[in-house]
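In: Sequence and predicted model, in that order:
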Amino acid sequence: MGICANYIGIANEDIIKLKSDADLAEIVYASEEGDYSVGVNIDKMWDALHFLLVGTSAIEIQEKNIVSMAIIGKDTITEGEDFVSIAVNDKNSVRQIAKKLKNIDIHLALENDFDMQKFSDNDIYPDIWDFDDEEDEIKDDLKCCYENLYEFYYKMAKENKAVFVMIT
């Protein structure tokens, strides 16, 4: 078990409700009903994907960075001690994120910017960077997480939805 990132599509109007009631965010996350689009889970690779694409750990918030917003959210609703975070991206941000993610060449990023020693030196979560024999598997996992995240944001942009981000 570890800290995982989940993304759920919501109606833009629900952002106000979520911001005023953090307990409601837990309900949205657990809900299988309502106007919530099936989301995507990038499991424990959220910090690694952030480091690969942004150059910093997700804990070092990059408020103006659109790719950072895609992974950790733009507007934080609540944040806990162990980087448990609930945040949202409004529908306008979702459109910007989808456009930005479309222009990223994940293969090039993995080829040029993936260095397990750098991930280790920067304490990037999860702590898997000493397993050199799993490098190809880790790269495949990062590629898959990126592609799933991009496809999700693209779909939410087309549906004019906001995105609820929960890292727990």
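Out: Okay, I see it. Residues are numbered from 1 along each chain as shown.
In: quick one, helices of this structure?
Out: For the chain, helices defined by DSSP state H occupy the ranges 14-20, 22-30, 46-54, 66-72, 91-102, 106-113, 116-121, 135-158.
In: what's the closest of these to Tyr7?
Out: With Cβ to Cβ as the criterion, Tyr7 lies closest to helix 135-158 of the helices of the chain, at 5.9 Å. (Glycine included, C-beta is placed from N, CA and C.)
In: Show me what the closest one is packed against.
Out: strand 5-10, strand 37-43, helix 46-54, helix 66-72, helix 91-102, helix 106-113, strand 162-167 (3 or more Cβ pairs under 8 Å, 6 or more residues apart in numbering; DSSP states H and E).
In: Only alpha carbons, please: show the first one as CSV.
Out: What follows is strand 5-10, C-alpha atoms only, in CSV (Å, rounded to 0.1, in the frame of the first residue of the first chain):
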residue,chain,number,x,y,z
ALA,A,5,-3.2,9.5,-7.3
ASN,A,6,-6.7,9.3,-8.6
TYR,A,7,-8.5,11.6,-11.0
ILE,A,8,-12.3,11.9,-11.4
GLY,A,9,-14.3,14.0,-13.8
ILE,A,10,-16.8,16.3,-12.2
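In: and it, what other elements does it pack with?
Out: Using 3+ Cβ pairs under 8 Å, 6+ apart, strand 5-10 is in contact with helix 22-30, strand 37-43, helix 135-158, strand 162-167.
In: If I average pLDDT within each of the helices of the chain, which one is lowest?
Out: Mean pLDDT across those is lowest at helix 22-30; the value there is a mean of 60.
In: one step back: would you turn the helices and strands packed on strand 5-10 into a markdown table with distance to Thr78 and mean neighbour count?
Out: What follows is the helices and strands packed on strand 5-10, written out as a markdown table (distance: least, Cβ to Cβ, whole Å; neighbours: other Cβ atoms under 10 Å):
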| stretch | distance to Thr78 | mean neighbour count |
| --- | --- | --- |
| helix 22-30 | 4 | 14 |
| strand 37-43 | 18 | 17 |
| helix 135-158 | 22 | 18 |
| strand 162-167 | 10 | 25 |
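In: Right, I'll leave it there.
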